[in-house]
Each structure stands twice: as C-alpha cells, then as structure tokens.
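Q: Test case, fold it:
(2 chains, ligands or ions: 2)
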Amino acid sequence: MSAIIQVQNVSKSYWRDSFEVPVLNDLSLEVNRGDFVALMGPSGSGKTTLLNMIAGIDRPSKGKLIVDGTDISTLGESSLAKWRSAKIGFVFQFYNLIPVLTAFENVELPLLLTKLSKAERKKHVETALGIVGLGDRMHHSPKQLSGGQEQRVAIARAIVTDPVILVADEPTGDLDKHSAEEILTLMERLNKEFHKTILIVTHDPHAASRAKIIRNLEKGDLIPEVA
Amino acid sequence: MKVLKLIIKNPLRHKLRTTLTILGIAIAVISFGLLRTVVTAWYVGVEGSSANRLITRQAVSFIFPLPYSYRDKIAQIEGVKNLTYANWFGGVYIDKNQFFARIAADAETIFDVYPEFMLTKDELETFKRERNSCILGEGIARQYNLKVGYIMTLEGDIYPGNWEFIVRGIYRPRDKTTDASQMIFHWNYVNERMKEDMPERSGDIGWYIVQIEDPAKSAIISEQIDALFKNSPAETKTETERAFQQGFLAATSAIIDSMNVISFIIVGIIMLILGNTMIMAARERTREYAVFKALGFSGKHLTQIILGESLFISAVGGGVGLVLTFPIVVAFEKVIPKGFFPVFQIEPITVILAVSAAILIGIAAAIFPIQRALSTKIIDGFRFVG
Ligand SMILES: Nc1ncnc2c1ncn2[C@@H]1O[C@H](COP(=O)(O)OP(=O)(O)O)[C@@H](O)[C@H]1O
Ligand SMILES: [Mg+2]
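A: Numbering: from 1, shown residues only, chains lettered A, B, ... in the order given. Ligands and ions are numbered 1, 2, ... in the order given. I've put the predicted structure just below:
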C-alpha cells in the first residue's frame, strides 16, 4: 500500500521584495496511513511551510505532492478548497475559533459546506464535541472557555467532517502543561481509536515524544530518519 | 443562506462602533431627506407655474411699480389671450410670523388667467360683485378655520392701515403642485383707498400677468412687450412665470442649488462612515477569513458574509433614519414660516433615493474589504498580525 502523503522533491521559496528566499530544498517525505508524525526543528526551518503545503493551503515552487491519491500541486483554487474540506482537519496554535459563534456553531462550520441536514449536522457536532469531552459546553462562546477547552473545540471542528488527515501546527504552543497534556492524549486517541493520520509541528521534544515518528527539519532539509 | 448568523452576529462584536456607525448613517439619511424635501418643495413651487403665462415687471426691480396705462398696450399684442395684473399687498394677519401670499388683483380677470384656482360659478360672481371680498386658498382657510362669510382683518404695511375683507370663496387647487395658500382680493378696493390716502401711489401696478395662446411664442411675445416700453421711465422685463418664480428668490435659488449638491455630498459621507467601519472590521478579521478559506469556504461565502454585514448596517441605519425623517420633516414644517413652501412633504422620490442610496452605500462600502479578503492568501492571513 502506498503512502497516504507523498512529498516528492518539493522546493519552496518565498519572494520578499525582489529577493528569493529559499525555504525548502528538494525535500521528499512519505507518511503512511495511520501514522502519527511529529515535525521538529528550530524556528524558521520550514516546518509550517511544509505542513501548509501538505494540507493544501500553500503551493510548492517545484515538485509534486500526492495526498490520499490526489496530486494536489496541480489542482485549481476551488477544487483544492473542496479537497481540503473533505480530506483535511486543521488545528492551529491560536485555536482560531470564530469569537461570535458558540462552540457548537464553530464545530458546525465545516458541515455547512456539506449536504447534511440540520438534524444530521447536530448529531455530528454533538459526537465531535463528545469525543473531545466538551459535550456540556456546547453553547458556550470561545470567550467563556479556557485555552485548553478552546483547542479541544478546534479539534472537534477538525474532526467533525471525519477527514483522513489531521494537521496541527504547534497545537500546544500556547497552552499550560496540563492542558497541553490533555490535547496530546486526545491526539493519541484520535490516532489509535479513530485511525486518523496525524501530522503535528512542534518544537517541544516532550510533545513530539507522544508521536510514533519524529522527523527533524534543519534549514529546509529533512534530516535522514534514524532506524 | 447559511452564513446569515454571522451577518447578524458580526456587527455585534463592537457594539459601540456599530451603534455609532448606524447613528451616523441615520443622521445622514435624515439630513438627506430633509434637504431633498426642501429642494423638491422648491421645485414643486416652480413647477406649479404655467408655461403659457408671462410676467411683466419693472425692469430694474419687482418692487418698483408699473403704470396702469400699460394694460391696454400689452393687450393689443398678437397672441395675448388674457391679461390681468396684481400688487403684492404684504401686511400681517394675526401673527407676523405667519406667511402667506396676499395679493390685490384685478377681480374681473385674475381667475381667467389662473384656472388652476378652482371656484364655483357662484363664488366667482359674488367675489366680482363685492368690492371688499376676498378669495382664499383651501389650505389657508383650513389652517385658520375660515369659512365663507367670515371677516378677515389685515394690518397693512406696504398699504398702511387696517383692511377688512369678507371671505366670499375658497378655491380648491386643481393640481398637486397648485399653491393652495393664497389670499386674493380686489385691486380696485385697495386702489380707491390709496387715491384718498396717498394719491401719488394710486394706479400703481405690481406686475402684469399675460396669458398667451402658444407657449412656444413666449420668447417673442416677451420681447415685443419689453420693446413697447423701451426708453420710457418704466422699462419692463417680461419672462415666463417659471423664470420669474425662480428669479423671484434668486438668492434662495442659489441656496437650493447648494442644498441639492450637499444632499449628495451627504451620501458620500455616509459611504465613508460605513466604508471605514467595514475596512476596520475586515482588517481585524483577516485571520478569520483565512480560517474560513482553509476550511474550504469559497470567495462567494466570504462575499456574502462581508456584503451581508455591510448591507445589514446600512439598512438598519437607513431604516432608522428614514423612520425618523417623517416626524422631523413635520416638525421642520412647523418651524418654517407657514406657506413659505406651498407643498412641503416627503416625496416618494426622496424615499426611493434614500433607500437606493442606502443599498448602494452598503455595496460600495463592502467592495474594498471583499477585494482584500479574497486576494489575501491563506498563509498570509494566518501570518497577519493586526
Ligand atoms: N508567506 C511568507 N512570505 C515570506 N516568507 C515566509 C513566508 N512564510 C514563511 N516565510 C519564511 O520562510 C521561513 C520558514 O518559515 P516557517 O515555515 O514558518 O518556519 P517554522 O514553522 O519552521 O518556524 C522563514 O524564514 C519565514 O520567514
Ligand atoms: Mg511555524
């Protein structure tokens, strides 16, 4: 069985004024279905850039990205948006919940793009919030929740459409130790029980140690895996 | 629309800012409505004038009189159908702040030339017969609760002394634009008393009103009339009633023109108020829009959210403003001198203009934020620090 994520000779550079800033150099990476991978590396090494390209919110300058069987480097803007909504669940460092919506409504957002009826949406949202342990906080607004709870709502939003891949960029970066622990445990559970392929970016070795595989990035290059 | 909830909740994030924006729009709409009402009231007055009536007045100024002898000379010009004349009486009725036109006119001919002042045959005959009778516009009669047979006493200023008139008819305006607030009485009655009190002023005519057969000939006939009295001590200036009305308050006309311009400047101001609010809001939400896009929402959805919010605010502000405009126009009408504008009401066109302006403004204010939201790349949205 081929890898669910295949990054093939991808290079990426940004343009700052008229300077080309190379970020990733001819990088290749494979992630198998059901893996839980932590990307580590110093700040500015290109972790976020790599994650964003895999998740289809950024594009490579060169190379190919095949994710769950689709070559996403060739998709147009709107097909890519559709693809993201079906395949990827996003978790961000700063939760990025919509402050005027309740926990329930935030989790419901991605479902608004599906054909599900209101009743079906409600069932899915309740299930997702149940999994993250916030079944009793559904009608709270983000302001009424702690950071850890907000991040759990964000995880519920990421899994509510039942995507195959979860990407999380520094999901514990803004949390206290206890909350961070809860989030990591939740991630582990999603990987083990729900068989989600998970890719997290972190620079915290403790957090990374909860993943099955750790990969290190250094100045745009992946350090070879140690067996 | 699934994003409806956001359209309503988004404006509530900054309640003070949204309230101020709504108030700003409401005040602007009220000013717009009030100004437009003044402007339209002014043009209604002008439109009420007839195209087939010419006004002949003293060339230097309308306050200088013309001789009575001009009457027969003007009447001989070809194309003149009817001829009448009038004097501005002025005076005070009850309260000097209450203004309505009081005119001493030739009783025999005045209503031939002004068919839009509708009288019954009886009323007209009685009026012509009784030297000290007067005819009132329906509006004035209603305002002062005057009926046929009542006595009205005017305190003269241009024509000093106390003057008594007996109401013999109440004319009904034929058209919506007809001035229903005039008081008309006999020129003869006034002139006879002037013969006694101030003989040097007797026979003075304020202006002649010339009804012509063909409005297309107004320019030629005007020239012919003025040519008759060229190089005489009282040269004349003849123009259409419409031109006369506009020139009568030339200064007012300039004010009206600027009001007209200002009313549209106000629309621009509302646009800036709302535009500013929307740009601030869109800036603050850069990151949220990136989240929406990452989740798979399209440009169409973002457009709906931003446009919806903009239209929501402009509609609430516009609605509040429009609703308040009505009582404010009524209050304003009470403050301005009575009868200054024969018709003073909010025209449907004003409402239509205000509503379409609100919609246009809602759209215009959203254009820049939408353009920004759509063109910002997701990754740049996430990296954006407000
Ligand atoms: N949108 C962008 N425009 C310009 N430069 C960028 C952009 N995104 C990232 N970079 C640069 O690319 C490099 C890698 O960034 P990033 O992937 O965010 O690193 P990491 O997540 O490992 O800290 C940094 O030098 C950063 O400044
Ligand atoms: Mg990063």
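Q: what packs against the helix ranked longest in chain A?
A: In chain A, assigned by DSSP state H, the helix with the most residues is helix A:177-192. Here helix A:177-192 touches strand A:36-40, helix A:147-159, strand A:165-169, strand A:197-201, going by 3 or more CB pairs under 8 Å, 6 or more residues apart in numbering or on different chains; DSSP states H and E. All C-beta atoms are positioned from the backbone trio N, CA, C, and that covers glycine.
Q: Of all those, which one is nearest B:Ile367?
A: Evaluated over the helices and strands packed on helix A:177-192, closeness to B:Ile367 peaks at helix A:147-159, with 30.4 Å, by CB to CB.
Q: any idea of the mean pLDDT for the closest one?
A: For helix A:147-159, the mean pLDDT works out to 96.
Q: Tell me the helices and strands packed up against that helix.
A: Packing contacts for helix A:147-159, counted by 3+ CB pairs under 8 Å, 6+ apart, involve strand A:88-91, helix A:103-108, helix A:118-131, strand A:165-169, helix A:177-192.
Q: try 7 Å this time
A: When contacts are defined as 3 or more CB pairs under 7 Å, 6 or more residues apart in numbering or on different chains; DSSP states H and E, helix A:147-159 sits against strand A:88-91, helix A:103-108, helix A:118-131, helix A:177-192.
Q: got those as CSV, with mean pLDDT columns?
A: Output for those, formatted as CSV (pLDDT from 0 to 100):
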stretch, mean pLDDT
strand A:88-91, 96
helix A:103-108, 96
helix A:118-131, 96
helix A:177-192, 94
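Q: Of the ones you listed, give the one that comes closest to A:Val201.
A: Of all the helices and strands packed on helix A:147-159, strand A:88-91 comes closest under CB to CB, at 10.2 Å.
Q: Mind listing residues that contact the closest one?
A: The contact list for strand A:88-91, computed with CB atoms under 7 Å, 6 or more residues apart in numbering or on different chains, reads A:55-56, A:154-155, A:158-159, A:163, A:165-168, A:171, B:294.
Q: Counting neighbours, which of these end up buried?
A: The neighbour count (16 or more other CB atoms under 10 Å in any protein chain shown) marks A:55-56, A:154-155, A:158-159, A:163, A:165-168, A:171, B:294 as buried among the contacts of strand A:88-91.
Q: Let me have those residues in TSV, adding distance to ligand 1 as columns.
A: Formatted as TSV, these follow (distance: CB to the nearest ligand atom, whole Å):
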residue	distance to ligand 1
A:Ala55	13
A:Gly56	16
A:Ala154	18
A:Ile155	20
A:Ala158	19
A:Ile159	23
A:Pro163	22
A:Ile165	18
A:Leu166	17
A:Val167	12
A:Ala168	13
A:Pro171	13
B:Ala294	14
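Q: Can I get these in JSON lines including distance to B:Ala357?
A: Output for those, formatted as JSON lines (distance: CB to CB, whole Å):
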{"residue": "A:Ala55", "distance to B:Ala357": "44"}
{"residue": "A:Gly56", "distance to B:Ala357": "43"}
{"residue": "A:Ala154", "distance to B:Ala357": "42"}
{"residue": "A:Ile155", "distance to B:Ala357": "47"}
{"residue": "A:Ala158", "distance to B:Ala357": "44"}
{"residue": "A:Ile159", "distance to B:Ala357": "47"}
{"residue": "A:Pro163", "distance to B:Ala357": "46"}
{"residue": "A:Ile165", "distance to B:Ala357": "50"}
{"residue": "A:Leu166", "distance to B:Ala357": "49"}
{"residue": "A:Val167", "distance to B:Ala357": "47"}
{"residue": "A:Ala168", "distance to B:Ala357": "48"}
{"residue": "A:Pro171", "distance to B:Ala357": "49"}
{"residue": "B:Ala294", "distance to B:Ala357": "37"}
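Q: rewinding a little: make JSON lines from the helices and strands packed on helix A:177-192 and add distance to B:Ile256 to it.
A: Below are the helices and strands packed on helix A:177-192 laid out as JSON lines (distance: least, CB to CB, whole Å):
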{"stretch": "strand A:36-40", "distance to B:Ile256": "72"}
{"stretch": "helix A:147-159", "distance to B:Ile256": "59"}
{"stretch": "strand A:165-169", "distance to B:Ile256": "63"}
{"stretch": "strand A:197-201", "distance to B:Ile256": "68"}
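Q: So for A:Lys212, which of those sits nearest?
A: strand A:36-40 (4.5 Å).
Q: What is the distance between the helix or strand just after that closest one and the centre of its chain?
A: Next along the chain after strand A:36-40, taking DSSP states H and E as the criterion, comes helix A:47-54. Helix A:47-54 sits 10 Å away from the centroid of its parent chain (CA atoms, centre = their mean, to the nearest Å).
Q: for chain B, what are the low-confidence residue spans?
A: B:1-2, B:44-49, B:246-253, B:337-342, B:386 (pLDDT under 70).
Q: By proximity to chain A, which residue of it wins?
A: For chain B, the residue closest to chain A is B:Gly296, as judged by CB to the nearest CB, at 2.7 Å.
Q: who's in contact with that residue?
A: Neighbouring residues of B:Gly296 by CB under 7 Å, 6+ apart: A:Ala81, A:Lys82, A:Arg84, A:Ser85, A:Pro110, A:Leu113.
Q: who's in contact with the residue most central in space within chain A?
A: Nearest to the geometric centre of chain A sits A:Val167, at 1.4 Å (CA atoms, centre = their mean). By CB under 7 Å, 6+ apart, A:Val167 lies in contact with A:Leu51, A:Ile54, A:Ala55, A:Ile88, A:Phe90, A:Leu199.
Q: Fine, thanks again, bye for now.
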